[in-house]
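Undergrad: All I have is the shape, not the residue letters:
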């Protein structure tokens with residue numbers, strides 16, 4: 001949890017508010033053994049497409065969800081038993097409210113060493129793609145956008161996945177590392193290996209990660225896989241100002257194609273209450289492509305209350321070079337309450 005708090009001043013403020021005071025804390029049902037937690041969250045989403053003939057939309061996007069987790073200590077067992085069952089967003093989608101849709105695992109936590117967990121969870125390197133470099137609204141480009149994977153019926157880059165075996169080390173003087181093996185639910189030939197690590201001090205945090213899937217023959221008899229990426233990034237904490245930046249280099253060995261992605265954010269917190277944040281993300285043209293680069297420019301005004309975060313975002317997207325099909329500017333007005 002300490003690592004999460006250091007990742008951004010906003011994350012710290014919201015997290016501290018969420019656990020301060022019994023009325024707003026996660027609900028201990030059986031002490032630390034069984035804890036219920038969650039969020040009531042969502043936003044109004046007004047879309048403004050750029051392409052001619054495309055209609056705008058007004059949506060109510062719900063991200064509310066609940067979860068259960070626990071830590072059990074035994075007199076006759078050295079490590080603590082840890083577990084989590086987290087539900088999906090209650091948005092009437094494919095996995096609406098389904099327990100297990102998000103991080104759901106069992107494991108052991110060895111004091112001073114780290115934890116080993118198995119189940120549904122994030123791939124090691126993806127933890128840093130997701131946070132802090134995809135917020136606010138930069139994930140559409142920095143995370144998801146690429147022109148080097150082969151599409152439907154073929155492997156893409158995994159993020160939160162089933163059948164994931166993951167180790168998270170303890171912190172050793174500010175350094176910690178993560179490693180995961182996944183993708184083997186159908187065949188060990190499809191294994192995805194990933195390693196990542198970070199080093200944090202009071203004024204900065206730097207991190208790097210590597211994701212790799214070797215080539216294999218898929219169920220359709222086609223050669224597949226041979227995907228990898230490297231991410232290098234960091235954060236600088238200057239009192240109320242937080243700066244982040246990252247570079248992600250993606251490669252497809254099957255097609256000899258590659259593409260880079262970039263992310264940068266600046267956040268300023270006024271009196272621990274008002275939040276001003278701007279973000280930029282972009283992908284380069286792929287090695288074999290032309291005019292297939294994308295960019296996102298986002299801005300946020302936020303307001304922090306106990307256990308609650310109110311925000312308004314403006315998010316502008318320019319996908320696939322001069323092609324305006326998916327381009328547009330969106331307005332979001334939302335609230336998040338944590339318990």
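TA: Thanks, I have the structure now. Being a predicted model, the structure only gives us computed values, none of them experimental.
Undergrad: Which of the three states applies to residue 141?
TA: helix (DSSP: H, G, I helix; E, B strand; the rest coil).
Undergrad: burial measure for it, as a count.
TA: 27 (other Cβ atoms under 10 Å). C-beta here means a position set from N, CA and C on the backbone, and glycine is covered the same way.
Undergrad: Show me what the closest residue to residue 100 other than its chain neighbours bridges to in the sheet.
TA: Nearest residue to residue 100, sequence neighbours excluded (Cβ to Cβ, 6 or more residues apart in numbering): residue 85, at 6.2 Å. Taking DSSP bridges as the rule, residue 85 bridges to residue 68.
Undergrad: Residue 106 is in contact with residue 85, correct?
TA: No - using Cβ atoms under 8 Å, residue 85 makes no contact with residue 106, being 9.7 Å away.
Undergrad: low-confidence ranges in the protein?
TA: Scanning the chain for pLDDT under 70 picks out 1-25.
Undergrad: centroid residue for it?
TA: Geometric centre of the chain, nearest residue: residue 130, 2.6 Å, by Cα atoms, centre = their mean.
Undergrad: is it true that it touches residue 122?
TA: Yes - here residue 130 reaches residue 122: they are 6.8 Å apart, a contact under Cβ under 8 Å.
Undergrad: Spell out which residues are contacts of both of the two.
TA: Counting by Cβ atoms under 8 Å, 6 or more residues apart in numbering, the contacts common to residue 130 and residue 122 are residue 159.
Undergrad: now the residue nearest to the centre of the chain: how far from residue 222?
TA: Separation of residue 130 from residue 222 (Cβ to Cβ, to the nearest Å): 29 Å.
Undergrad: any idea how far residue 177 is from the residue nearest to residue 100?
TA: As defined by Cβ to Cβ, residue 85 lies at a distance of 26 Å from residue 177.
Undergrad: quick one on the thing from earlier: just want to know which of residue 85 and residue 106 has more residues nearby.
TA: residue 85 (19 against 13).
Undergrad: What residues does the residue lying closest to residue 170 once chain neighbours are set aside make contact with?
TA: Spatial nearest neighbour of residue 170, chain neighbours left out: residue 114 (4.9 Å); criterion: Cβ to Cβ, 6+ apart. Residue 114 sits next to 167-170, 176 when contact means Cβ under 8 Å, 6+ apart.
Undergrad: Show me what residue 114 is bridged to.
TA: Assigned bridge partners for residue 114, using DSSP bridges, are residue 110, residue 169.
Undergrad: Going along the chain, name the helices of the stretch 101-250 of the chain.
TA: 126-130, 139-142 (DSSP state H, counting those that start in this stretch).
Undergrad: Contacts for the longest one, please.
TA: By Cβ under 8 Å, 6+ apart, the surrounding residues in contact with helix 126-130 are 122, 139, 142-143, 157-160, 178, 194, 196, 198, 207-209, 211, 231, 233, 246, 248.
Undergrad: can you do 6 Å?
TA: 143, 159, 207, 209, 231 (Cβ atoms under 6 Å, 6 or more residues apart in numbering).
Undergrad: I figured the third one was touching residue 200, is that so?
TA: No - with contacts counted by Cβ atoms under 6 Å, residue 207 stays clear of residue 200, the gap being 8.5 Å.
Undergrad: Which one of the two is surrounded by more residues?
TA: residue 207 (24 against 21).
Undergrad: Can you show me the strands along the stretch 201-339 of the chain?
TA: Using DSSP state E, counting those that start in this stretch, the strands found in the stretch 201-339 of the chain span residues 204-217, 223-238, 241-252, 257-270, 274-283, 294-305, 308-318, 328-338.
Undergrad: can the helices of the stretch 101-250 of the chain go into JSON lines with extra columns for distance to residue 215?
TA: Below are these laid out as JSON lines (distance: least, Cβ to Cβ, whole Å):
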{"stretch": "helix 126-130", "distance to residue 215": "21"}
{"stretch": "helix 139-142", "distance to residue 215": "26"}
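Undergrad: ok, residue 337 to residue 302 distance?
TA: Relative to residue 302, and taking Cβ to Cβ, residue 337 is found at 14 Å.
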